[in-house]
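Participant: Quick check, what structure comes out for this input:
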Amino acid sequence: MKPADSIRFILEHKSGDVWSLPPDAFVYEAIKMMSEKQVGALLVMRNNKLVGFISERDYARKVILQGKSSRDTFVSEIMSAPVITVSSAQTIDECMRLMTANRIRHLPVVEHGQVTGIVSIGDLVRWIISSQEETIHQLHSYIAGAYPG
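Facilitator: Down below sits the predicted model:
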């Protein structure tokens, strides 16, 4: 485990569930689905193609703060588009930089035009923490003389 690992490793260790809804759904439906699925964002798909992304942040900034109603506002009106995506071969470090530079918290993973997963900033942070714990354990073992080699 290290920041140079590809995000393919993260996708292999998490649920393959990717939640989406169409752009003509109402924002209320999106917020309800996020709550039910316990996620902070959803993909917006039309005919199996990624056309946008809607997050709790979009809801807070583009519905609540503007005095709109989630029951009368379409997802297409507030979704973020175009969507920044990555391939499963990209590294955890690259994804962290991309998220930081673009101030985003989720990255859809796309292979050959199809969404194969999604990684969140939380997924990347957990991976990095596990990597650091593994390194610390190896260093302790080395110092104690138990390091193989």
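
Participant: The helix or strand hosting Gly117: which residues count as buried?
Facilitator: Using DSSP states H and E, Gly117 maps to strand 114-120. If you call a residue buried by 16 or more other CB atoms under 10 Å, then strand 114-120 has these buried ones: 115, 117-120. From N, CA and C alone the C-beta is placed, and that goes for glycine too.

Participant: so can I have CSV of the residues you listed showing distance to Ser131 and pLDDT?
Facilitator: Below are the buried residues of strand 114-120 laid out as CSV (distance: CB to CB, whole Å; pLDDT from 0 to 100):
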residue, distance to Ser131, pLDDT
Val115, 26, 94
Gly117, 20, 93
Ile118, 21, 94
Val119, 15, 94
Ser120, 17, 92
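
Participant: other SSEs contacting the worst-scoring helix or strand of the chain on mean pLDDT?
Facilitator: Scoring the helices and strands of the chain by mean pLDDT, DSSP states H and E places helix 121-143 at the bottom, with a mean of 81. Packed against helix 121-143 by the contact rule (3 or more CB pairs under 8 Å, 6 or more residues apart in numbering; DSSP states H and E) you find helix 8-12, helix 92-102.
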